[in-house]
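>>> Quick one, fold the following:
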Amino acid sequence: LSQNTNETPISMTPAPLHFIEYDVDPYLKIPGNDNGQNKSKRPYWRYSISKNKKGETKFQRKLCYPDRPSYLQRSDWLRHSFITSPQQVLSDLFLPLDYPNSVGKEYMSYQLCDSLQGLCSYLRGVVSTSAVLTAAGVGQADANAMGAAMTWALRDGLGMVGGLLFSYAASSLFDGYVKEWKLFADVINDIGLTLDMMAPYFSPHILYVTSIATVCKIMCGISAGATKGSITQHFCKRGNMADLNAKEGTQETLVSLIGMMMGITLANYFQKLEEKEIKQATFSISASTLSWAIFTILTLLHVWINYIGVRLLHLTTLNSQRTFEAIAPMIAMATSTCNGDNDWVASALFSIPSPGDLSESLFASTCFMLFPRYSRGLVLGARLSDITRYMTLEEMQEQLQINNKYVLFMDGKCVYVALLVSTNEQDQLEAYIHARIVQEVLKKQNLDNKSALSVARKQMSILKSRGLSLSAFEKKGWNVKD
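Numbering: from 1, shown residues only. Okay, here's the model as predicted:
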């Protein structure tokens with residue numbers, strides 16, 4: 001509440017009282033204004049409390065828009081009128097409360113990309129469903145309804161089994177590789193829709209083709225559902241996750257309505273084209289050719305939009321690839337100054353980038369996720385069998401005396417880090433940085449494994465003594481707790 005200073009001040013006299021009530025703090029920033037002083041632009045309720053001659057209290061209120069002429073001001077019971085404030089109504093319907101202050105800065109760009117890719121998927125679904133129904137025998141006089149129903153049921157059953165196997169194999173990777181699995185979900189969905197489009201060309205084997213397509217779609221659903229929560233949590237700034245989910249639901253509903261109207265128009269056009277094709281045997285463009293052309297264009301557009309959308313995300317959690325790139329400047333300084341000068345440490349810690357300044361390579365991250373040993377030559381969390389293969393008992397005891405939280409060893413091409421059961425996030429970070437220093441020392445200096453371990457151990461001890469910890473990453477905006 002804000003008392004209108006231009007009116008009579010509050011008192012116990014019969015004089016009228018006038019108040020101004022804002023739905024949102026008027027001093028919060030709004031788009032297009034950076035000074036935060038937006039009181040004169042916010043809609044507000046004007047209250048007036050007075051007494052008439054009979055001593056009865058009279059209560060009036062009026063919704064006011066400072067940037068609108070007086071004839072558009074409303075005093076009725078409607079909170080917001082679409083005529084007087086369509087922008088506010090649409091904002092309340094599709095955007096989170098107190099946007100953009102309540103969400104991450106890339107929220108709008110990402111949601112636009114997400115809506116566009118959803119529209120592409122909806123339209124391609126109309127085209128591919130037509131192809132599947134054609135392959136199932138719809139429109140053919142000799143088609144067997146029971147046979148088509150059995151094929152449909154078997155397809156769904158095989159798809160569910162494939163989805164269960166996929167979930168068992170990939171569920172442990174969803175949290176650490178959100179962007180990669182989000183992009184995977186859309187690409188695998190494209191593959192499934194493409195197989196649906198190809199179904200009419202494999203009529204004798206339609207069950208196998210449509211079953212694989214269903215597996216792809218179920219894999220898409222599992223991956224997209226698993227990553228959706230992490231992305232929503234990333235945008236959530238004020239504990240408003242429920243509001244974000246609700247507004248995303250309204251956005252998806254709008255996209256579905258638009259897609260439905262466009263899909264009906266597209267289906268009617270194809271139907272008329274097929275009828276014209278039957279009547280005129282010399283018709284130049286067939287419905288099948290045109291549907292494939294539209295499907296291909298929409299698929300390419302879908303992949304490109306999804307890639308742009310995923311690249312817009314700057315997640316604050318540290319996975320292997322983001323950690324690799326975040327500590328790259330630090331590793332470069334640690335391995336280029338091994339002469340006893342410790343002035344580089346402050347610069348190394350300061351060189352840690354913020355999440356907004358880091359855009360990791362999705363290709364490199366995917367390769368590391370699938371082939372950690374061969375893509376980067378570093379395995380964090382190596383098994384005991386690997387240790388006994390490359391280390392003697394004496395070397396193992398020496399490592400445990402130096403580092404009581406992890407054991408680091410090499411096989412010439414790859415660096416392995418075995419973690420003890422008592423390690424926490426801080427110990428894992430130190431082990432990873434230690435291993436990266438060993439790698440870079442081996443690349444830049446002509447040393448054997450033992451000498452490289454000695455140099456890396458010295459540089460690592462300097463970093464730890466000068467403040468290397470999770471707090472150094474937290475100060476840059478990284479979420480090191482999740």
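>>> Which parts of the stretch 301-450 of the chain are strands?
378-380, 406-410, 415-419 (DSSP state E, counting those that start in this stretch).
>>> For the ones you listed, give me TSV that also has distance to residue 327.
Backbone N, C-alpha and C define where each C-beta goes, glycine included. Shown next, in TSV, are the strands of the stretch 301-450 of the chain (distance: least, Cβ to Cβ, whole Å):
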stretch	distance to residue 327
strand 378-380	12
strand 406-410	16
strand 415-419	14
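>>> give the contact list for the closest residue to residue 16 other than its chain neighbours.
Distance criterion Cβ to Cβ, 6 or more residues apart in numbering; nearest residue to residue 16, sequence neighbours excluded, is residue 50 at 3.8 Å. Residue 50 makes contacts with 14-17, 57-58, as judged by Cβ atoms under 8 Å, 6 or more residues apart in numbering.
>>> Likewise for residue 392?
Per Cβ under 8 Å, 6+ apart, neighbours of residue 392: none.
>>> so what's it scoring on pLDDT?
According to the prediction, residue 392 has pLDDT 70.
>>> I'd like the strands of the stretch 301-450 of the chain as JSON lines, with mean pLDDT and distance to residue 87 appended.
Below are the strands of the stretch 301-450 of the chain laid out as JSON lines (pLDDT from 0 to 100; distance: least, Cβ to Cβ, whole Å):
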{"stretch": "strand 378-380", "mean pLDDT": "81", "distance to residue 87": "50"}
{"stretch": "strand 406-410", "mean pLDDT": "80", "distance to residue 87": "56"}
{"stretch": "strand 415-419", "mean pLDDT": "83", "distance to residue 87": "54"}
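>>> will you turn those into JSON lines that also has distance to residue 182 and mean neighbour count?
Formatted as JSON lines, these follow (distance: least, Cβ to Cβ, whole Å; neighbours: other Cβ atoms under 10 Å):
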{"stretch": "strand 378-380", "distance to residue 182": "24", "mean neighbour count": "18"}
{"stretch": "strand 406-410", "distance to residue 182": "32", "mean neighbour count": "22"}
{"stretch": "strand 415-419", "distance to residue 182": "28", "mean neighbour count": "21"}
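>>> Of these, which is nearest residue 328?
strand 378-380 (13.1 Å; Cβ to Cβ).
>>> And that closest one, how far out from the chain middle?
Put simply, strand 378-380 sits 26 Å off its chain's centre (Cα atoms, centre = their mean, to the nearest Å).
>>> and that strand, what other elements does it pack with?
Contacts defined by 3 or more Cβ pairs under 8 Å, 6 or more residues apart in numbering; DSSP states H and E place strand 378-380 against helix 372-375, strand 415-419, helix 425-444.
>>> Would you format the ones you listed as TSV with distance to residue 450 included?
Output for the helices and strands packed on strand 378-380, formatted as TSV (distance: least, Cβ to Cβ, whole Å):
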stretch	distance to residue 450
helix 372-375	22
strand 415-419	14
helix 425-444	11
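>>> Which of these sits closest to residue 97?
Residue 97 lies closest to helix 425-444 among these, at 33.3 Å (Cβ to Cβ).
>>> and the closest one with strand 406-410, angle?
Angle, helix 425-444 to strand 406-410, by axes from the mean of the first three to the mean of the last three Cα atoms, to 10 degrees: 20 degrees.
>>> Which secondary structure elements does helix 425-444 sit against?
Using 3+ Cβ pairs under 8 Å, 6+ apart: helix 425-444 touches helix 320-326, helix 328-336, strand 378-380, strand 406-410, strand 415-419, helix 449-465, helix 470-474.
>>> Within the sheet, what are the partner strands of the third one, with directions?
Think strand 378-380. Applying DSSP bridges, strand 378-380 is found paired with strand 415-419 (parallel).
>>> who touches the partner strand?
In contact with strand 415-419 (Cβ under 8 Å, 6+ apart) are residues 377-384, 386-387, 390, 405-410, 427-428, 431-432, 434-435, 438-439.
>>> first to last residue in stretch 329-347, what's the distance?
Chord length of stretch 329-347, first to last residue, is 9 Å (Cα to Cα, to the nearest Å).
>>> Likewise for stretch 381-394?
From its first residue to its last, stretch 381-394 covers 21 Å (Cα to Cα).
>>> Excluding sequence neighbours, find me the nearest residue to residue 420.
residue 405 (5.6 Å).
>>> Test my guess that that neighbour contacts residue 431.
Yes. Using Cβ atoms under 8 Å, residue 405 makes contact with residue 431 at a distance of 7.0 Å.
>>> Would you mind telling me which of these two has more residues around it?
Neighbours were counted for residue 405 and for residue 431 using other Cβ atoms under 10 Å; residue 431 has more, 23 against 16.
>>> Contact partners for the nearest residue to the more buried one once chain neighbours are set aside?
Excluding its sequence neighbours, the residue lying closest to residue 431 (Cβ to Cβ, 6+ apart) is residue 406, at 4.2 Å. Contacts for residue 406 (Cβ under 8 Å, 6+ apart) come out as 417-420, 423, 427-428, 430-431, 434.
>>> Output the below-cut-off pLDDT ranges for the stretch 101-250 of the chain.
For the stretch 101-250 of the chain, the stretches with pLDDT under 70 are 135-149.
>>> those helices in it, which residues are they?
Using DSSP state H, counting those that start in this stretch, the helices of the stretch 101-250 of the chain run over 107-136, 145-170, 178-198, 206-235, 241-279.
>>> Now do the buried residues in stretch 107-120.
107, 110-111, 113-120 (16 or more other Cβ atoms under 10 Å).
>>> what does stretch 324-331 give?
By 16+ other Cβ under 10 Å, the buried positions in stretch 324-331 come out as 324-328, 330-331.
>>> now the end-to-end length of that stretch.
Length of stretch 324-331, first residue to last, Cα to Cα: 10 Å.
>>> what's the spacing between it and its chain's center?
23 Å.
>>> same question, stretch 232-249
Per Cα atoms, centre = their mean, the centroid offset for stretch 232-249 relative to its chain is 12 Å.
>>> got the CA coordinates for that stretch in CSV?
This file holds the C-alpha atoms of stretch 232-249, laid out as CSV (Å, rounded to 0.1, in the frame of the first residue of the first chain):
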residue,chain,number,x,y,z
THR,A,232,12.6,-25.3,-15.0
GLN,A,233,14.6,-25.4,-11.8
HIS,A,234,17.4,-23.4,-13.6
PHE,A,235,14.9,-20.7,-14.5
CYS,A,236,13.3,-20.6,-11.1
LYS,A,237,14.6,-17.7,-8.9
ARG,A,238,12.1,-17.3,-6.2
GLY,A,239,10.8,-20.7,-5.4
ASN,A,240,8.2,-20.2,-8.1
MET,A,241,8.6,-23.6,-9.8
ALA,A,242,4.9,-24.4,-9.7
ASP,A,243,4.1,-21.1,-11.4
LEU,A,244,6.7,-21.8,-14.1
ASN,A,245,5.2,-25.2,-14.8
ALA,A,246,1.7,-23.8,-14.9
LYS,A,247,2.7,-21.0,-17.4
GLU,A,248,4.6,-23.5,-19.5
GLY,A,249,1.4,-25.5,-19.7
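>>> sec struct for residue 97, please.
Assigned by DSSP: H, G, I helix; E, B strand; the rest coil, the conformation of residue 97 is coil.
>>> what's the neighbour count on the residue lying closest to it once chain neighbours are set aside?
Using Cβ to Cβ, 6+ apart and skipping residues adjacent in sequence, the residue nearest residue 97 is residue 243, 5.6 Å away. By other Cβ under 10 Å, the residues close to residue 243 number 18.
>>> ok, now which ones touch residue 243?
With Cβ under 8 Å, 6+ apart, residue 243 has these contacts: 96-97, 102.
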